[in-house]
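Colleague: test case, fold it:
(chains A and B)
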There are 2 protein chains.
Amino acid sequence: MASSLEATTLGDAAFVIRPLPEVVFRAGAIAETPARVRQLDGRRVLVVTDPGVAAAGLSDRLTELINADGLDVSVFDGVEPNPTLANVTSGSEAAGGSDGLVIVALGGGSSMDCAKAIAMDLVNEGPIRGYCIAASLGETGTIDPATAAPQHQPTSAVPLIAIPTTSGTASETNGSGVLTDESENRKIFISNPLVRPAVSLLDAELTLGLPPYPTATCGMDALTHATEAFTSNRVTPYSDAIALQAIRLVGQWLPTAVNDGANLEARAQLLLGSHLAGVAFGIAGLGMCHALGHPLSAVLHQAHGQTLTTMLPHVMGFNMPERTSRYAAVAEALGAADASDDEATNARAAIGAVEAMAERVGIARSISEMGGSSDHLPELVHQAMSDVTMLANPRPASSDDVRALYLAAF
Amino acid sequence: MASSLEATTLGDAAFVIRPLPEVVFRAGAIAETPARVRQLDGRRVLVVTDPGVAAAGLSDRLTELINADGLDVSVFDGVEPNPTLANVTSGSEAAGGSDGLVIVALGGGSSMDCAKAIAMDLVNEGPIRGYCIAASLGETGTIDPATAAPQHQPTSAVPLIAIPTTSGTASETNGSGVLTDESENRKIFISNPLVRPAVSLLDAELTLGLPPYPTATCGMDALTHATEAFTSNRVTPYSDAIALQAIRLVGQWLPTAVNDGANLEARAQLLLGSHLAGVAFGIAGLGMCHALGHPLSAVLHQAHGQTLTTMLPHVMGFNMPERTSRYAAVAEALGAADASDDEATNARAAIGAVEAMAERVGIARSISEMGGSSDHLPELVHQAMSDVTMLANPRPASSDDVRALYLAAF
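Modeller: All right, here's what the predicted structure looks like:
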C-alpha cells in the first residue's frame, strides 16, 4: 500500500466477512468435478452454461468427465448474456427436479448468476422473482431501505460448484447474482449464502479460448471491482490488501491476456486477480460505477464490463474529493504514480491509467458509441438511483450528479 | 508490495484455499454469541476457557449472556497453556454429551485448540490421540510422509464458535490445533475442516485486559505467522498481500498494545493483524521457525510466542539466501527499509527490525534465559526435525543446521 495512504481506524469499526467457497486454483482443475460432486452427495448433475461455452466444446468436455465417473448429467446451455428470468425458468425445467442434484455452473458471470437462481428456484415455492431484490426510490429520491431486501427469503438451495471460464465477474466467490427482469427491462439481484458455491474450480486453461473483446470487458470488470472495493464507504485493511493486489495483477496482465490469448501465465494471473477482486468487494462492497453501469447493460444490451469501462473514469472523478489518497495508491498499483509528484497528481494519474488501459485493450467507448441517446437519459438515471450498489459509494450522489456523469460519458 | 519483489508465476501453480469461518469484527461482538448458537441449532453450550480468562471475569460475562437468552451453559475452565491430552478428556467429560451442543472457545490459542480437540473427541470413537498427527523421522532423517497424517480420520464434530481473547495464534481461522502429549513431552497436531469454527467473533474489547507479556508474545506469534507465510515454499499472490498487510498492522501497533493495553484502537488493529496472518498461513503454510519453536515450548514450558521470538531472527538468517527479495519487502512493511539501499541490505534490515521489535516489547530472550542448556539440544533437534511445519520451509534444513540455529540462540 502506498505509504501516503492514511490508516483505517478499527476501534469503532464493524464488519462481517462472509465465508468463501473452497477454492482450487490449478490448470486442469476441471478434472476434479466428479469427485467434488460426490463430496456434495450428488448423484446427478445439471451443467448450466451458455451457447458460446457449449460451442467451444467446454461443456462436452465437462459432461464426458462426469459421465466417465458414472454420474448422470444433463446440460442447460440457454443462458443469455444478462440472463433473464425466463432463462432461470428454462434451466429449472431442464433439471428434472432437485433430488440428488448438484448444479455445476460453467461459464462467465451470466452462467454462474443464472445457476444460482436455478439452485434457488428448484427448491423454493413460487416464482423466482419473489426472491429477487429490486430496490425502488423513496420520497427523498434515494433507495428506500425497505425495498433493499427480497419479498421472500429462500430456505434452501441445490448445492453448487462454480467453474468460471472468464476472468471478471468473480461470481464464483459469493452468493450474489444479477438478473434481468425482461418485463421491466431492468437489473434485479439475488443475494443469499445458500447459493454461494460450495467449491470453485479456478482452471486458467478454460479461459485460454476467450476472444479479445470479452477478455477485455471481463478484465475491466475485475479492475472496477477492485477499485470500487478499495474506495467504497466500507473499506477495511483486510479488503484493502486484497483489492490492491487484484489491481496489480489485472493491471499487469490484462493487456497480455487480450493480445496473446493463449498465454497461460497471463490467463492464470488474470483469473486470480479477478477472484481476489471478488473477495475484496465481498468485504467492502462496490460503488456507483456499478450502479451506473447496470442500467446501460439493461437498456443498451451492452456487456457488463463494457459499461463499467465507459463509466469508471467519470465515477473516479466524482469520488476524487473523498478518496484522493486511495486513488494515488491505485495509481501506484497500476505503475502510474510518480514518487516525486504530490498525492493529488498521482490520484489523477489513476484516472489516466484506467483510460489508458481501456484504450490499450480496445474497449474505450462512449455511451453514444454503445447506441445511447439523450432519450435514454431519464430511464438510465432512474435505474441508477435505485441500484443497491449506490449504497456503498464513498460520496453521495443526487440524480443531477448521476445525469451529469452520464452526459460526460456520451 | 515492494516493487523489488519478483512476481510469482501462476501458470503452473496449484493451491487450495480452504473456507474460513464467518467472521464478525466489532467491539462488543461477544453479545452475538447466543444468536449464533441458535443459528447452529444449539440448545446448550460448553464454554471452553482457561483459568486466567475465567479469573478476568470474561467467562462469567459470556455465560450471563447465554443464560439471559435461555440456553443451558456449562464451563470448562481447565485449559492449560500448551494444552494436554488430559485437558481434552476433562473438557469432554464436562460437556455431558454432544446432544444439541455448541462449543464456544473463549481464550487464546490454547483454549481454541483444546476446544477443537474436545469437539472432535465427543463424537468420534476411541482416544483423541488416534486423531492427532505426530510425525516421525524416516531413514533419511527427515519426516516420513506416511506419518504426517493421523491414524484415524474423524467423521463429524460438535459445532464451534471461536472468541479469541488474545491476538496471536489465529486459531479462530482454521481447523488446526497444537496439543502436548504429556506422556512423550512433545507437541502433536489436529487438523481437520470439521473443527474449523463456524463463526469467529473478533471483539477487541475482550483483549484490553491482556497483560504486557502475553500481549507481546502473542503479537510476535502473529508477526512470525505472517513472515513465515510470506516466505514459505508455497507462497501465492493471494497470501502475499494478506501476509504483508498483517506484518504492517502488527509492526505498527504491537508496541502500543504492549505499552498501553487499554488502547482499543491498538488492540483492534492487532486483532485484525493476527487474524490476517492466520488467513495467510492457511494458504501458504508456515516454516521452520515454528518447527524450532514448538520443541522449546514442549521441553522448556515456554509460551509459544516467546519461543518463536527467540528463534525468528536466526531462521530468517538461515532462509536469507532463498528469500532475499521477500525479506526486503518485510523490512519495507515494518518501515525498516531504505529506498536508497540495495535489496540485500534491506533484507538484513528485516532481521534487525524483528530483533528491535522483540527488545521494544520486552521479550528478547535467549534459550539460556528460558532455562535451556546443552543437555536439551539432542531432544530439541529431534523434535524440530519431526515437526510438520518444517515441510513448508523455503530452504531444506539438516539436523546439523537445526542444531546450529539452536546454538546461535543460546
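
Colleague: quick check: residues of the stretch 251-400 of chain A near chain B?
Modeller: Residues of the stretch 251-400 of chain A found near chain B (CB under 8 Å from any CB of the partner chain) are A:252, A:264-265, A:267-269, A:272, A:276. Backbone N, C-alpha and C define where each C-beta goes, glycine included.

Colleague: try it again with 10 Å
Modeller: A:252-253, A:263-273, A:275-276, A:279-280, A:283, A:332-333, A:335, A:339 (CB under 10 Å from any CB of the partner chain).

Colleague: for the stretch 1-150 of chain A, give me the ranges with low pLDDT.
Modeller: A:1-6 (pLDDT under 70).

Colleague: select only the buried ones of the residues of the stretch 251-400 of chain A next to chain B in PyMOL?
Modeller: Applying 16 or more other CB atoms under 10 Å in any protein chain shown to those, the buried members can be selected in PyMOL as follows:
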select buried, chain A and resi 252+253+263+264+265+266+267+268+269+270+271+272+273+275+276+279+280+283+332+333
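
Colleague: the residue nearest in space to the middle of chain A and chain B, how far apart?
Modeller: Centroid-nearest residue in chain A, with CA atoms, centre = their mean: A:T169, separated by 2.9 Å. Distance of A:T169 to chain B, given as CB to the nearest CB, to the nearest Å: 18 Å.

Colleague: the residues of the stretch 251-400 of chain A next to chain B in helices, which ones?
Modeller: Among these, the members falling in helices (DSSP state H) are A:252-253, A:264-273, A:275-276, A:279-280, A:283, A:332-333.

Colleague: if I look at A:E343, how far off is A:A331?
Modeller: In this view, A:E343 and A:A331 are 10 Å apart by CB to CB, to the nearest Å.

Colleague: neighbour count: the two, which is higher?
Modeller: A:A331 (26 against 18; other CB atoms under 10 Å in any protein chain shown).

Colleague: chain center to stretch A:212-227: distance?
Modeller: 9 Å (CA atoms, centre = their mean, to the nearest Å).

Colleague: whoops, stretch A:74-94 was the one
Modeller: 19 Å.

Colleague: measure that stretch end to end?
Modeller: Terminal residues of stretch A:74-94 lie 8 Å apart, using CA to CA, to the nearest Å.

Colleague: in it, which residues are buried?
Modeller: For stretch A:74-94, burial by neighbour count (16+ other CB under 10 Å) applies to A:75-79, A:81-85, A:87-88, A:91-92, A:94.

Colleague: quick one: the strands in chain A?
Modeller: Secondary structure of chain A (DSSP state E): strands at A:14-17, A:22-26, A:44-48, A:72-76, A:101-107, A:160-164, A:176-181, A:186-191, A:199-202.

Colleague: related to what we said a few turns ago, ok, for the residue nearest to the centre of chain A, nearest residue in space, not its chain neighbours?
Modeller: Distance criterion CB to CB, 6 or more residues apart in numbering or on different chains; nearest residue to A:T169, sequence neighbours excluded, is A:G109 at 2.9 Å.

Colleague: what about that neighbour, neighbour count?
Modeller: A:G109 has 25 nearby residues by other CB under 10 Å.

Colleague: residues in contact with it?
Modeller: A:81-83, A:164, A:166, A:168-172, A:177-178, A:218, A:221, A:303-305 (CB atoms under 10 Å, 6 or more residues apart in numbering or on different chains).

Colleague: give me that answer again for 7 Å
Modeller: Under the criterion of CB atoms under 7 Å, 6 or more residues apart in numbering or on different chains, the neighbours of A:G109 are A:168-169, A:171, A:304.

Colleague: who wins for neighbours among the residues you listed?
Modeller: Scoring the contacts of A:G109 on neighbours with other CB under 10 Å, the highest-scoring entry is A:G168 at 33 neighbours.

Colleague: ok, the closest residue to it other than its chain neighbours - contacts?
Modeller: Nearest non-adjacent residue to A:G168, counting by CB to CB, 6+ apart: A:C218, 2.7 Å away. A:C218 makes contacts with A:108, A:166-168, A:305, as judged by CB under 7 Å, 6+ apart.

Colleague: tell me the one among those nearest to A:I128.
Modeller: A:I128 has its nearest neighbour among the contacts of A:C218 in A:G108, at 20.1 Å by CB to CB.

Colleague: report the separation between the closest one and A:V199.
Modeller: 18 Å.

Colleague: now swap in A:G138 and tell me
Modeller: According to CB to CB, A:G138 stands 40 Å off from A:V199.

Colleague: cool, and A:I30?
Modeller: Using CB to CB, A:I30 is found at 12 Å from A:V199.
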